[in-house]
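**Q** Give the three-dimensional model of this entry:
(one chain, ligands or ions: 1)
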Amino acid sequence: MRTAVISDIHANLEAFESVLDAIADLGVGEIFCLGDIVGYNANPNECVDIIRDRNIACVLGNHDACAAGLEEPDSFNPVAWNALLWTRETLSGVNKSFLLQLPREQALRDCFLFHGSLHDTNRYLADSYEARRNFRLLERLPGGPRIGFFGHTHVMIAFTDERGVVTTDRSHDLRLSPENRYLINPGSVGQPRDGDPRASFLVYDSDERRIAFHRRVYDIRASQDKIMRARLPTRLADRLAWGL
Ligand code: ZN
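**A** Presented below is the predicted three-dimensional model:
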């Protein structure tokens, strides 16, 4: 069984549609989403509509929680704050209700999905220290899942726990050993931050036990034009071209 794993769409419809086309081209039918459907870019309703209409399994991200009014954006920088207020005004009631019912964490097949860190949507899982903490939490979950998929940092990365030793892989494909545990981030669809502006996602093949990371070009210019027309901060348009 092959499953595409996507995260941090952030209301970037052009990037999202391009990634959905890529997933269809690969013949992959199932998609898991790791949260932050909205925030930063200009098409929050359209992106939530797609997740809802296609019944894509999804967990709640920190921007989703703030946009739906579940949390206040106290830790947001001024640019993210500005975009959040715009998103709150723009999101339909139906889509806010949809975001409100998303689970923060979800066990699906042999995987466990969450947004930031286990039990903390807002915390960044970006180094071996935090990975070690999350491996311990993963182990204690019912069934002791061996694969955790997470987002939030917008950077493709895989942490491997091999008998207590944590190693890191960036953006190359992985063959998964049944002995080890893995924490894997597919990067961001709508606002990559690793210096590569292309949208990112991964495909997990549970039969072959493989992870393949993918990048996909999209019409960045169209997304930038929408940001400017919506009078969202210019920096949000600029950073799409840099991938930062
Ligand atoms: Zn995000």
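**Q** send the alpha carbons of the helix or strand of the chain with the lowest mean pLDDT over as PDB?
**A** Lowest by mean pLDDT, DSSP states H and E among the helices and strands of the chain is strand 165-169, with a mean of 89. What follows is strand 165-169, C-alpha atoms only, in PDB (Å, rounded to 0.1, in the frame of the first residue of the first chain):
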ATOM      1  CA  VAL A 165      21.100   6.000  18.700                       C
ATOM      2  CA  VAL A 166      19.400   8.800  16.800                       C
ATOM      3  CA  THR A 167      20.600   9.600  13.300                       C
ATOM      4  CA  THR A 168      19.300  12.200  10.800                       C
ATOM      5  CA  ASP A 169      18.700  12.000   7.000                       C
END
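**Q** From the chain's centre, how far out is that strand? Work that out for me.
**A** 21 Å (CA atoms, centre = their mean, to the nearest Å).
**Q** now do stretch 90-109
**A** Once both centres are worked out by CA atoms, centre = their mean, stretch 90-109 turns out to sit 14 Å from its chain's centre.
**Q** ok, now which ones touch the residue in the chain sticking out farthest from the centre?
**A** Largest separation from the mean C-alpha position in the chain: R163, at 27.6 Å (CA atoms, centre = their mean). Going by CB atoms under 8 Å, 6 or more residues apart in numbering, R163 touches E179. C-beta: built from backbone N, CA, C; applies to glycine.
**Q** what about it, distance to R133?
**A** 17 Å (CB to CB, to the nearest Å).
**Q** so what's H63 up against?
**A** H10, D36, V38, G39, Y40, A80, L84, T87.
**Q** Next, format these as CSV and append pLDDT.
**A** Formatted as CSV, the contacts of H63 follow (pLDDT from 0 to 100):
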residue, pLDDT
H10, 98
D36, 98
V38, 98
G39, 95
Y40, 96
A80, 91
L84, 94
T87, 97
